[in-house]
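Engineer: predicted model, plus sequence, below.
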Amino acid sequence: MDGNNVVFAASLKNKVVITLSGIGPFYFERLKQGHGAKWEPWTDSGFSSEETATPLSVSVGDFLDNRVETGVYAYRSVPVMKDEPKDTDYSYSNFVRCGEAGPIGWSFGNYTPPPGQWGEICTPDDLRYTWIFGTDFKATNGQIFTDEQILYYIENATAEIERRLNITIRKKRVRCNPKERGYVKGRDYDIEDAVYDFKLSKIQRYGVIATRYHPICELHRIEQLSRIVGKKDITSRTIADKRKGLLKLLERPLRQSETVRGIQTAINMYGSETMSQHLFYEIDYDAGFDSAADVPHDIREAVSKSAAIALLNVIGDGLMSGFSSSSLSMDGLSESFSSTQCATSAYFGARVKVYQDELEKYVNENKRKLGNLPMGSL
């Protein structure tokens, strides 16, 4: 999202209020989620689906969309440009639900990532109605667990599965020494990476560099950095094994005998071993999956179970905090109630244990298949 252009939408069930802020004027569009859906521009008569409709530029302020049907809507805006804008030039709103639309999620087959955004690997409705089926998200004091809170747990669960499987799920821009190049975090890059050391014996034998983050979405740049010849771009002569995060070099480094330093190393007591101190690799790439739709089903399920475990622990206390059993007797009548909750067991302890066991089994079976196995020797 452009920092100078913000779009926010709020549903009133049969209407939507959209707020535009930033530096205008803008072109403004609407999308109703569904197969074959297209962006409809804002015209002098409202949003129009006609191919010949003329977009109307607008300034900042509030707008009312009173022509909505049952479904899920998104909105986007872009500053007026001379050239045709790209999807990445737009600022996108949150999704809003209108009418009597039911749950939205991967488990219902009706969710797709918003255009220009990565999307959600698991939606709040997936957790509410599928992974935590039959559980009330309303505490005894009347407080409701919001979608924003659920999304927070989904983000944490995604990071946990990334760590446990040693992979990257949400797409991240990895750049080498970005601050020295004037890049701004959040705008130009997400992760700062260091140069990769040159290992003469490894390159001679395999010609492969294992990236620190994988899988790889796209390789943007790989350059040799040498004290001898400076920088040399070898991007076009490198093949990326994207799933494993391996860069296979079609061009090997310059031979020492082809340089002046070759004479120096030939007479030096350490010989060719000093070569590794003078050659590095600078690599820019995007790691993770290109969008939430590209994440394999088993990884999506693992993230969903991890988020469900955290939510069940919190929601269980909200529904029945510090309660184990109770009994009531009056005039010869008695009633007793006992829950599974105690000092060492949560209210939904049985379901939590099942999810934990399934998740542990999945991680043990797949962490070496999905993630690189670190090895070393002395």
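Structural biologist: All right, it came through fine.

Engineer: what backbone torsions are found at the residue nearest in space to the middle of the chain?
Structural biologist: In the chain, the residue lying closest to the centroid (C-alpha atoms, centre = their mean) is Arg170, at 2.6 Å. When read as degrees, to the nearest 10, the backbone of Arg170 gives phi -70, psi 130.

Engineer: in contact with it, which residues?
Structural biologist: Neighbouring residues of Arg170 by C-beta atoms under 8 Å, 6 or more residues apart in numbering: 118, 121, 158, 162, 288-289. Where C-beta positions appear, they are placed from N, C-alpha and C, glycine not excepted.

Engineer: what bridges to it?
Structural biologist: Phe289 (DSSP bridges).

Engineer: relative to Val303, how far out is it?
Structural biologist: Plainly put, Arg170 is 10 Å away from Val303 if you go by C-beta to C-beta, to the nearest Å.

Engineer: hey, what's in contact with both of these two?
Structural biologist: 121, 158.

Engineer: sorry, back to before: Asp89: which of the contacts of Arg170 is nearest?
Structural biologist: Taking C-beta to C-beta as the measure, Asp89 lies nearest Trp118 of the contacts of Arg170, at 17.0 Å.

Engineer: how close does the nearest residue to Ala240 once chain neighbours are set aside get to Arg300?
Structural biologist: The spatially closest residue to Ala240, leaving aside those adjacent along the chain, is Leu219, at 4.6 Å (C-beta to C-beta, 6 or more residues apart in numbering). As defined by C-beta to C-beta, Leu219 lies at a distance of 25 Å from Arg300.

Engineer: again with Lys138
Structural biologist: 27 Å.

Engineer: out of these two, which sits in the busier spot?
Structural biologist: Looking at Lys138 and Arg300 with other C-beta atoms under 10 Å, you find the greater number of neighbours at Arg300, namely 20 against 13.

Engineer: got a list of what the more buried one touches?
Structural biologist: By C-beta under 8 Å, 6+ apart, Arg300 lies in contact with 106, 121-122.

Engineer: and it, which of the three is it?
Structural biologist: helix (DSSP: H, G, I helix; E, B strand; the rest coil).

Engineer: tell me the pLDDT at it?
Structural biologist: We note a pLDDT of 95 for Arg300 in this prediction.

Engineer: do Ser291 as well
Structural biologist: Reported pLDDT for Ser291: 92.

Engineer: just the helices in the stretch 51-200 of the chain please.
Structural biologist: With DSSP state H, counting those that start in this stretch, the ranges of helices along the stretch 51-200 of the chain come out as 124-126, 147-165, 200-205.

Engineer: compare these and report which one is nearest to Leu64.
Structural biologist: Here helix 147-165 is closest among the helices of the stretch 51-200 of the chain (C-beta to C-beta), at 23.0 Å.

Engineer: in the closest one, which residues are buried?
Structural biologist: 150-151, 153-154, 157-158, 160-162, 164-165 (16 or more other C-beta atoms under 10 Å).

Engineer: for it, name the packing helices and strands.
Structural biologist: Judged by 3 or more C-beta pairs under 8 Å, 6 or more residues apart in numbering; DSSP states H and E, the packing partners of helix 147-165 are helix 124-126, helix 297-319, helix 349-370.

Engineer: for that helix, what does the pLDDT average out to?
Structural biologist: Mean predicted lDDT for helix 147-165 stands at 92.

Engineer: contacts for it next, please.
Structural biologist: Contacts of helix 147-165 (C-beta under 8 Å, 6+ apart): 120-122, 124, 127-128, 168-170, 299, 302-304, 306-307, 310-311, 363, 366-367, 370-371.

Engineer: before we move on, back to that, ranking the helices and strands packed on helix 147-165 by burial, who's on top?
Structural biologist: helix 124-126 (a mean of 23; mean count of other C-beta atoms under 10 Å).

Engineer: how about Leu225, what does it touch?
Structural biologist: The contact partners of Leu225, by C-beta under 8 Å, 6+ apart, come to 195, 231, 279-282.

Engineer: what helix or strand is it on?
Structural biologist: Per DSSP states H and E, Leu225 falls inside strand 216-226.

Engineer: strands paired with that strand, and their directions?
Structural biologist: According to DSSP bridges, strand 216-226 has these partners: strand 230-233 (antiparallel), strand 279-287 (antiparallel).

Engineer: now that strand - C-alpha only, PDB.
Structural biologist: Written as PDB, here are the backbone C-alpha positions of strand 216-226 (Å, rounded to 0.1, in the frame of the first residue of the first chain):
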ATOM      1  CA  ILE A 216      12.700 -18.900  -3.800                       C
ATOM      2  CA  CYS A 217      10.000 -17.000  -5.600                       C
ATOM      3  CA  GLU A 218      12.300 -15.100  -7.900                       C
ATOM      4  CA  LEU A 219      16.000 -14.500  -8.200                       C
ATOM      5  CA  HIS A 220      16.700 -10.800  -9.000                       C
ATOM      6  CA  ARG A 221      20.500 -10.500  -8.800                       C
ATOM      7  CA  ILE A 222      23.600 -12.500  -8.000                       C
ATOM      8  CA  GLU A 223      27.000 -10.900  -8.300                       C
ATOM      9  CA  GLN A 224      30.500 -12.000  -7.600                       C
ATOM     10  CA  LEU A 225      32.300  -9.500  -5.400                       C
ATOM     11  CA  SER A 226      36.100  -9.800  -5.700                       C
END
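
Engineer: hang on, the earlier thing: can you say which of the strands paired with strand 216-226 is nearest to Ala53?
Structural biologist: strand 279-287 (35.3 Å).

Engineer: chain center to that closest one: distance?
Structural biologist: 21 Å (C-alpha atoms, centre = their mean, to the nearest Å).

Engineer: again, but for stretch 170-186
Structural biologist: Per C-alpha atoms, centre = their mean, the centroid offset for stretch 170-186 relative to its chain is 16 Å.

Engineer: what's the answer for stretch 357-369, then?
Structural biologist: From the chain centre to the centre of stretch 357-369 is a distance of 21 Å (C-alpha atoms, centre = their mean).

Engineer: same question for stretch 348-368.
Structural biologist: Here stretch 348-368 is found 22 Å from its chain centre; the criterion is C-alpha atoms, centre = their mean.
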